[in-house]
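> Need the 3D shape of this:
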Amino acid sequence: MFTQTLLTGLAIGGIYALMAVGYSLVFSILNFSNFAYGSIIMLGAYIGYYAMVRMGMPIGLAIAVSIVGSGLLCWLNERLAYAPLRKRKASSLFFMISAMGTSIFLENLVYATIGARFYNFPELFAKSNLEFRGISIGVLDVFAMVFSFVAIYGLNLFLQKSRTGIAIRAASYDIEVCSLNGVNIAALIGLVFGLAGALAGISGMFLGMKYIVYPTMGWITNKAYIAAVIGGLGSLPGAVVGGVLLGVLETFVSAYVSSVVRDVFSFSLLVLLLMVMPTGLFGRFLEEKV
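Numbering: from 1, shown residues only. The predicted structure is shown next:
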């Protein structure tokens, strides 16, 4: 029971970690929380659904289409909603207001064009389980867990080893100095949003396959945002640890206490942690540079 619950929690935590990394990527560069990110994840689920069900693509190709589509949508989100504010040097508050407006717009656009119906992915893995020494875990959970951590590992390699990744890390420390050293900040920010969108496509696909696809499914990213805050906004290792930790703890609360108090536990954990560690587990206090 314990091992099976742990593995299920790791699978859910892997999806949370993917979404939390997307939040933290944007926050590390622009210092604001992109609340439109949940709607991008929702659209990624729709893109994957239409690619797999309506166009008959295999799962691998459908995930690729969802990654590309969500990446482009997230890039457009930055170009249309945030770039004008960035050029005017607006404060973070205006970015957050624009993000919330974008989220509401995208949700209602789906209602107006696709409708409020619920959609189910084909049951590719739903009835398949892996059995090992009395432990049973769904193939979809294993697939999601492995794919999620491989994607996060690949992103980490890109950020650590490539020149562009080094530029992204440099901009997260001081974007002005990075610009003075010849880095095209507009292109760099667009790339960061594209990478965050790619992660949104992956997590949207897995959320849609595990649960269901509907216009307001992006609100589940509240959990990912909690994970990002627990780990420390702007910290990618913190986002991974926060996502996995939250997924595992929620699963144990559901299994050993009650699924009714799962959300209460998540938000209570966030409040208690911030009372003790205001910057999260891996967050840092940075003095404002002048």
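
> Could I get the full set of strands for the protein?
With DSSP state E applied, the chain shows strands at 129-132, 135-138, listed in chain order.

> tell me the contacts of the residue lying closest to A196 once chain neighbours are set aside?
Counting by CB to CB, 6 or more residues apart in numbering, G22 is the residue found nearest to A196 once chain neighbours are left out, at 4.0 Å. No exception for glycine: its C-beta is placed from N, CA and C like everyone else's. The contact partners of G22, taken as CB atoms under 8 Å, 6 or more residues apart in numbering, are 37, 196-197, 199-200, 203, 224.

> pLDDT value on G22, please?
Per-residue confidence at G22 stands at 86 (pLDDT).

> Also F125?
59.

> same deal with K289?
At K289 the predicted local confidence, pLDDT, stands at 38.

> Would you mind measuring from A186 to I104?
Remark: distance between A186 and I104 (CB to CB, to the nearest Å) = 26 Å.

> just how off-centre is the longest helix seen in the chain within its chain?
The helix of greatest length in the chain, counted in residues with DSSP state H as the criterion, is given as helix 2-30. The offset between the C-alpha centroid of helix 2-30 and the centroid of the whole chain comes to 7 Å, using CA atoms, centre = their mean, to the nearest Å.

> And stretch 149-159, by the same measure?
14 Å.

> any residues touching that stretch, and which ones?
Counting contacts by CB under 8 Å, 6+ apart, the residues outside stretch 149-159 that touch it are 14, 17-18, 21, 164-166, 168-169, 195, 199, 202, 236, 240.

> What's the local residue count around the closest residue to N181 other than its chain neighbours?
With CB to CB, 6+ apart as the measure, A170 is the residue that lies nearest to N181, at 7.8 Å, once sequence neighbours are left out. A170: 15 surrounding residues under other CB atoms under 10 Å.

> What separation do you get for A170 and E123?
Using CB to CB, one gets 46 Å for the distance from A170 to E123.

> can you check I202 too?
Looking at I202 against E123, where the rule is CB to CB, the gap reads 20 Å.
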